[in-house]
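Asks: Dropping a prediction and its sequence here:
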Amino acid sequence: MKAIILAAGEGKRLNMQSDNLPKCLLKINGKTLLERLLNQLFSIEIDDITLVVGYKKELIIDLIGELNINVKIIENDSYKKDTNILSLALALEDRLSPFYLFEADCIFDNNCINKIFDPLFIDRSIWFSKGMFTQNQNGGIIKADINRKVNDLRIVQNYDSKFSSYNKLIGVMKVGKHEISDYSTYLFQACKDNTKQYYHIPWIKNIANLNSYLCDFGDSLVASINNPSDYQLAVELFKNETS
């Protein structure tokens, strides 16, 4: 399986914090988010990697050159008209196969990486979360049964107590061999209809036809960086990390 990293977005909510850098080039403990993720992937011998770039792509391409690593780079020149569904569609048009998807504005400790690539998952499609959905959160949420099989997936603008039994999604997922064909079909059609949407939407609309499971990261360290406050929290969270 391959890994796809989405790094095309402008990250407008972080511009003042990042001096207009792509979010994946923010540094924590002296390394950019992207360099850190790539090192983690290569360390467990995941070397089939596709990186989708757009905003200030030359800065990301320069970093890949400095690291002297073999990464397939795909350019999303329509990133301003895209939320992230087009970036994923471009990566799958290049080569359709089961994949792991990483949003490049997330940071994971090594325990998370081990869970993501746990061989016990084998061919299953997996959504990953960090704890329960709580007040002051929004975005992707997910609910699973006692066997961890997903039965609901949503994107919400605000917290509501009726979603208190849902988990909060974090920016990584896996699409297995049984779902890749149907999901890609739904994704390509949705992308043609409207690129201002998340890659989650085709799955949400066709959830009855797409089996998936939930894995929560538990006490492992993980953060998604959407604004300056998130960045400072991530810096604090990972400041004592030694590996």
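Replies: Thanks, I have the structure now.
Asks: Could you point out the longest helix of the chain?
Replies: Counting residues, the longest helix in the chain under DSSP state H turns out to be helix 180-193.
Asks: That one - what's its average pLDDT?
Replies: Helix 180-193 carries an average pLDDT of 98.
Asks: what's the answer for stretch 9-26, then?
Replies: Here the average pLDDT along stretch 9-26 is 75.
Asks: how many neighbours does G11 have?
Replies: Residues lying near G11 (other C-beta atoms under 10 Å) number 23. Glycine gets a C-beta too; all of them are placed from N, C-alpha and C.
Asks: unless I'm mixing things up, it is touching A104, no?
Replies: No. Counting by C-beta atoms under 8 Å, G11 does not reach A104; the two are 9.6 Å apart.
Asks: List the residues that are in contact with both of these two.
Replies: Common neighbours of G11 and A104, counting by C-beta atoms under 8 Å, 6 or more residues apart in numbering, are P22, K23.
Asks: Just checking, which helix or strand of this protein averages the lowest pLDDT?
Replies: Lowest by mean pLDDT, DSSP states H and E among the helices and strands of the chain is helix 15-18, with a mean of 51.
Asks: following it, which helix or strand comes up?
Replies: Next in sequence after helix 15-18, counting helices and strands by DSSP states H and E, comes strand 27-28.
Asks: I'd like to know which elements that following strand is packed against.
Replies: Helices and strands touching strand 27-28, by 3 or more C-beta pairs under 8 Å, 6 or more residues apart in numbering; DSSP states H and E: there are none.
Asks: partners of it in the sheet?
Replies: strand 31-32 (antiparallel) (DSSP bridges).
Asks: So what touches whatever helix or strand comes next after the strand it pairs with?
Replies: As assigned by DSSP H and E, the chain's next helix or strand after strand 31-32 is helix 33-43. Here helix 33-43 makes contact (C-beta under 8 Å, 6+ apart) with 3, 5, 7, 23-28, 31, 47, 49, 51, 60, 63, 67, 69, 71, 102, 104-108, 110, 113, 225.
Asks: Run through who's touching the helix or strand following helix 33-43.
Replies: On the C-terminal side of helix 33-43, the closest following helix or strand by DSSP H and E is strand 49-53. If you take C-beta under 8 Å, 6+ apart as the criterion, strand 49-53 is touched by 2-8, 22, 34, 38, 41, 60-61, 64, 71-76, 87-88, 90-91, 94-95.
Asks: quick revisit: C-terminal to the longest helix of the chain, which secondary structure element comes first?
Replies: helix 200-205.
Asks: That following helix packs against which elements?
Replies: Using 3+ C-beta pairs under 8 Å, 6+ apart, helix 200-205 is in contact with strand 150-156, helix 180-193.
Asks: Which strands border the first one, and is each parallel or antiparallel?
Replies: Think strand 150-156. Strand pairing (DSSP bridges) places strand 150-156 next to strand 139-144 (antiparallel).
Asks: that's a strand at G9, yeah?
Replies: No. Counting by DSSP: H, G, I helix; E, B strand; the rest coil, G9 is not found in a strand; it is coil.
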